[in-house]
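> below are the sequence and a predicted model for it; my questions follow.
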Amino acid sequence: MNYARILLAGLGATVVYFVLGGLLFATSPLKREFQKYPAVYRTPEDMKGVWPLGIIGMLISMFVLALMYGLLYHGGSGVIEGARFGLLVGGFAVGSFVIHNHVNLNIGLRLTIGQAVAYFFQWIIVGIVIGLIYRKT
């Protein structure tokens, strides 16, 4: 396993995750959906006090995903293997996070479906980035 590449893949994945997150959530119609639930989601102003924790959490998560990818990678195209990995992570995220949150949080189906589509796409791209950066040797 190539630990330097795992670190690079984790960093690259974090950057792409936040760029896509900004595009998919902060600058899309989904932004209005989040605003419908002020008792559930922080305002952009309130997020300013906790954003460093979010970055640290995602860095840790991306390093873990890059490590998992390294453990599972057996060779082949970084794009194809990364997309396959991203599909798995996306499926996990939609089931364990998006749908689970729809059950636990008082949010509408429109927001849930929007999150499911956005996160699934986001995780596929993040998987591809990990696949493109990671190399065994």
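Perfect, thanks for sending it. Here the structure is a predicted model, which is why all the values come from computation and not from measurement.
> in the lengthiest helix in the chain, which residues are buried?
The longest helix of the chain (DSSP state H) is helix 109-133. Buried residues in helix 109-133, counted by 16 or more other CB atoms under 10 Å: 111-112, 114-116, 118-120, 122-131, 133. The C-beta positions use only the backbone N, C-alpha and C, and glycine is treated the same way.
> could you do stretch 68-86 as well?
When burial is assessed from 16+ other CB under 10 Å, stretch 68-86 yields the following buried residues: 69, 70, 73, 78, 81, 82, 83, 84, 85, 86.
> hmm, which two among the residues you listed are most spread apart?
Farthest-apart pair in the buried residues of stretch 68-86 is 70 and 83; separation 16.4 Å (CB to CB).
> which helix or which strand is home to residue 85?
helix 78-93 (DSSP states H and E).
> any idea how far the closest residue to residue 86 other than its chain neighbours lies from residue 83?
Counting by CB to CB, 6 or more residues apart in numbering, residue 86 lies nearest to residue 127, which is 2.2 Å off, once chain neighbours are set aside. Distance from residue 127 to residue 83, counting by CB to CB, to the nearest Å: 6 Å.
> good, wrapping up.
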